[in-house]
Each structure stands twice: as C-alpha cells, then as structure tokens.
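> The following comprises the amino acid sequence and a computationally predicted model.
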Amino acid sequence: MEVSLSLTTSREPLLLKKVNGPHKWKPCLLSFSLPDRFSQSLFCQPGYRIREDISLKVSSSQKGDVRVVDFSHIDEIHDTLAGRLLPTAAITSNPNLKHIIGLAGPPGAGKSTLAFEVAKRVNKLWPEKAPSFDSQVNSPDVAAVIPMDGFHLYRSELDAMENPKEAHERRGAPWTFNPVKLLSCLENLRNQGSVYAPSFDHGVGDPVEDDIFVSLQHKVVIVEGNYLLLEDGVWKEVSSIFDEKWFIDIDIDKAMQRVLRRHISTGKPQDVAKWRIENNDRPNAELIMKSKKSADIIIKSVDFSR
C-alpha cells in the first residue's frame, strides 16, 4: 500500500511515534525521500505509528517478518540501527534483562565495524532517551559488543587435530571455532545478566580469556560473527539465544576483494592470499550466505568510504 503525507525538511531522529493502546502493527518496509539528500528505509514496530509530517511509501517485504535496511551511506545505517535499539536501552528496568542481537555476515561484510559503531551511538544517545538519567552524572555504557573471534580454537587445539596442516589452512571455517563455549557464554549472559567473554589477539593468533566484561548495566549486547545464524548442531542453539538476528548482505565478490586487501595488509604474499580466498574464505562465505534466510533484519552493505 502507499501512504501520502505532507513532507517537511526537518530531520528529527525519532521518525516513529509511540502510541498508547493495544495497537498491533505488522512489520513492513518504509521507504521515504528527503529533498536533495538521500533515500532511507525504516521499519514499523509494534506499538509505534508513522509520524504525520513525513512523506512515506509503505510496501510489504517479501518475507513478512523481515525488515530491510538499505541506505546510500554507512553512517545512515549506523544511525538507524542505533535508533532502533534506543527504546530498548531506555525502558529496561530489570537489572538482569538483556536485549541480545546476533549480527552475522560473510568475511569482509563489515560486521565488526557496524557492531561497534552502532553500540557507540547507542551509548552516546541513551542519556537523551532515558528520562530518569541525571545529566550531571557521566552516563554508563548500556551497549556492548562480543565478537565471535574470541571463540576460535587455540592453535594448540588445531595442532592436535588429525590433519593439523589442513586445520590451520582452514582456520575460520565453522569447525575451527568452539560453539559450545560460545553457547555457554551467551546462556550465562542471559541467565545471570553479566559475563566475561574472550577476545582474540590477532598478533598472537589465539583467544584472550575473560578480556571482555559485559556487566549488569549493559542492556543491549551485539554479538557479531560469521556463523551465528547457522541452523546446524550447536550453532542452531546459539542462534536461538538472540532476541534479534541481523545479517549484512553483500556481494561475495566484493566481500572477497575486501578480504584479499586485508590479507595483503597483514603481510601475506599475494599468491598466498589468493589461495586462501579460493580455498577457505569463499567457501565459508557461500555457507554463511545461506543463513541469511534466518535473519529478522537484512542490512544492505555499502562501501565504507561513501
């Protein structure tokens, strides 16, 4: 359907208004344009209605429960996703309650950048949305990020495998991670409200245990990684933990170009980097892209420089 409403040139951050009452709104894709600037996409949420001073075109997405975030600039993606999470951070009063997002996508999609930028914006904007916040006191962070990289198997564990050479060459494939450990971490976070999680030292090439602390004050936790939306084995149990599932959709060739540049920047010879792309990164990416169907929100990737 289409909705024609009056247009204003102001850009207020809240484009959806909370309404009282038992209104139920079916998720849908909202596309609108502002003069000479850009086109944006937002989403209807339960309990919210469209502001009546903005011109919008409303259309159902192909999958009724999937929202698509598609912007011309990466900052607009970050801002919109942060705005989506702000009400969650502001109204959560239960100290143990967490809103946990699983952010997946192939190598080179920009998962880490997006996760940390969205969390940074939530932490910056949260005091403006929390009516009980004392402006004279420094705001505690309410958003945190847990990268899946910390759940890589140790090099010593790869050495102990039946084919250590293959294990090291295929590092980054699903079987070179420890999903049982990841599941335990997320279950502790859900049940206890806080948890220590490992990070990953790329210089050493191994996880760093208990390097990330998610505390009771954190209300939004973004978990980012390649295989979070897989539907096989323990990965399926991991996926079931998330309140929302986000997926960065990117052309595989473009993603592999980014990964190739990353390999070369870390000192790999070009022929070694290309071999790794074709024999490890691309097969992994093709598997990951199949998990897109499990996502609640599809984020269209754009060039970081735009």
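The structure has been received and is ready for your questions.

> Low-confidence regions, this structure specifically.
Counting by pLDDT under 70, the chain has low-confidence residues at 1-65, 70-72, 130-139, 302-306.

> Okay, strands next: where are they in it?
All strands of the chain, identified by DSSP state E, fall at 16-18, 29-33, 39-43, 48-50, 57-59, 67-69, 99-104, 143-147, 195-201, 206-214, 220-224, 244-249, 297-300.

> Asn163 is nearest to which of those?
Closest to Asn163 of the strands of the chain, according to CB to CB: strand 206-214, at 19.8 Å. From N, CA and C alone the C-beta is placed, and that goes for glycine too.

> which outside residues touch that closest one?
Applying CB atoms under 8 Å, 6 or more residues apart in numbering, the contact partners of strand 206-214 are 144, 146, 149-152, 154-155, 189, 194-201, 221.

> run the last query once more with 10 Å
Contact with strand 206-214 is made by 98, 100, 144-147, 149-157, 178, 181, 185, 188-189, 193-201, 221, 223, as judged by CB atoms under 10 Å, 6 or more residues apart in numbering.

> Only the buried subset of these, as a PyMOL command please.
Command for PyMOL, covering only those of these found buried under the criterion 16 or more other CB atoms under 10 Å:
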select buried, resi 98+100+144+145+146+147+149+150+151+152+153+178+181+185+189+193+195+197+198+200+221+223
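
> Domain ranges for this protein, per the record?
1-65, 92-300 (automatic domain parsing).

> returning to what we had before: got the strands of the chain as TSV, with distance to Asn163 columns?
Formatted as TSV, the strands of the chain follow (distance: least, CB to CB, whole Å):
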stretch	distance to Asn163
strand 16-18	53
strand 29-33	46
strand 39-43	46
strand 48-50	53
strand 57-59	50
strand 67-69	41
strand 99-104	27
strand 143-147	27
strand 195-201	23
strand 206-214	20
strand 220-224	29
strand 244-249	31
strand 297-300	36
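
> ok so, going back, so of the domains of the chain, which one's packed in deepest?
With neighbours defined as mean count of other CB atoms under 10 Å, these peak in mean count at domain 92-300, which reaches a mean of 17.

> Now do it: distance to the chain's middle.
8 Å (CA atoms, centre = their mean, to the nearest Å).

> Next, the distance between the ends of that domain.
29 Å (CA to CA, to the nearest Å).

> Going forward, the N-terminal residue is numbered 17.
In the new count, where the first residue is 17, that last one comes out as domain 108-316.

> re earlier: please identify which of the strands of the chain is closest to Ala135.
Nearest to Ala135 among the strands of the chain is strand 159-163 (4.0 Å), distances taken as CB to CB.

> Cheers, nothing more for now.
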